[in-house]
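Visitor: Got a sequence here, can you build the structure:
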Amino acid sequence: MDLGLAGRACVVTGASRGIGRATALMLCAEGASVLLVARGADDLAEAVEQCRRAAGPAGGGAESLALDVTAPDSGERLAAACRERFDRLDVLVNNAGAARWRDLEDVPDADWYAAWELNVMAPLRAMRAVIPAMADAGWGRVVNVASSAAKRPSPQMPEYSVAKAGQLSLSRVFADRYAGRGVLVNAICPGPTKSEMWMEAGGLLDQSVESSGAAGREQALESAGAKRPVGRLAEVDEVAVAIVFLCSERASYVAGAAWSVDGGSVQVII
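Guide: Here you go, the predicted model:
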């Protein structure tokens, strides 16, 4: 299927690893040009090289921007950088995120504010910076990467769950405002995914071992997978492919959605 992404210019935040990197790779392979945004310059450089290889001679370009998306001017900076590099901006994927396991009573006020800044204010600033020009052009796509915890709050990740629920509402209000002008805003709600956030040393898998009393990483991973109807955690590509579809020409009648990509974990009909 031709997704109609050739020649489009995209911004992906949190693009140096995990779901963000996989999304950037797929967009480049479809012929789009991608500005990869993250804080770590070294990881970004590696991701950009991978994207350029994935694109091949007929594919899209890849450039990087080292940026903390919680900075007050981050939206303007990423928009300006994309237009400077590619002379346009058609697609925004707000993917930057972080989470940790702990009890509700152990979350200090500062971390509640930090979760809100990263998951609500950062996407808000980016959308405010890019959507008006998309609307003037009559075409645009925005995908906000939320979480299954936005639909069913996780007791192990309270501030993350609340902020991600806010992100879903943010997506919806922008979708309602701009769908009639050709800018389609949607959200993706992944369940636990075998990205670095889960699998790296000290990540959510190790945290789950510590909190659950599991015998080790393998037992904890098996236990986490068994809680999904599919019976396992997601691979990053399985989430990225849904994001890329929502970025595409083919998702021309999808607006305001919050697509679950969670292996059936959140058992709701809507």
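
Visitor: from here on, contacts and neighbour counts on C-alpha atoms
Guide: Will do.

Visitor: For R128, which non-adjacent residue is spatially closest?
Guide: In space, and not counting its chain neighbours, R128 is closest to G75: 7.3 Å by C-alpha to C-alpha, 6 or more residues apart in numbering.

Visitor: secondary structure element for that neighbour?
Guide: Element membership for G75, per DSSP states H and E: helix 74-86.

Visitor: List the buried residues in that helix.
Guide: When neighbours are counted by 16 or more other C-alpha atoms under 10 Å, the buried residues of helix 74-86 are found to be S74, G75, R77, L78, A79, A80, A81, C82, R85, F86.

Visitor: downstream neighbour of that helix in the secondary structure list?
Guide: Following helix 74-86 in sequence order, the next helix or strand is strand 91-94 (DSSP H and E).

Visitor: That next one pairs with which strands?
Guide: Looking at strand 91-94 with DSSP bridges, its paired strands and their directions are strand 9-13 (parallel), strand 140-145 (parallel).

Visitor: any chance of those in TSV, plus mean pLDDT?
Guide: Formatted as TSV, the strands paired with strand 91-94 follow (pLDDT from 0 to 100):
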stretch	mean pLDDT
strand 9-13	98
strand 140-145	98
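
Visitor: can those strands go into CSV with extra columns for distance to R39 and mean neighbour count?
Guide: Formatted as CSV, the entries for the strands paired with strand 91-94 read as follows, by distance: least, C-alpha to C-alpha, whole Å; neighbours: other C-alpha atoms under 10 Å:
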stretch, distance to R39, mean neighbour count
strand 9-13, 9, 28
strand 140-145, 18, 28
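
Visitor: can you list these in a markdown table and add distance to D68?
Guide: Putting the strands paired with strand 91-94 into a markdown table (distance: least, C-alpha to C-alpha, whole Å) gives the following:
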| stretch | distance to D68 |
| --- | --- |
| strand 9-13 | 9 |
| strand 140-145 | 17 |
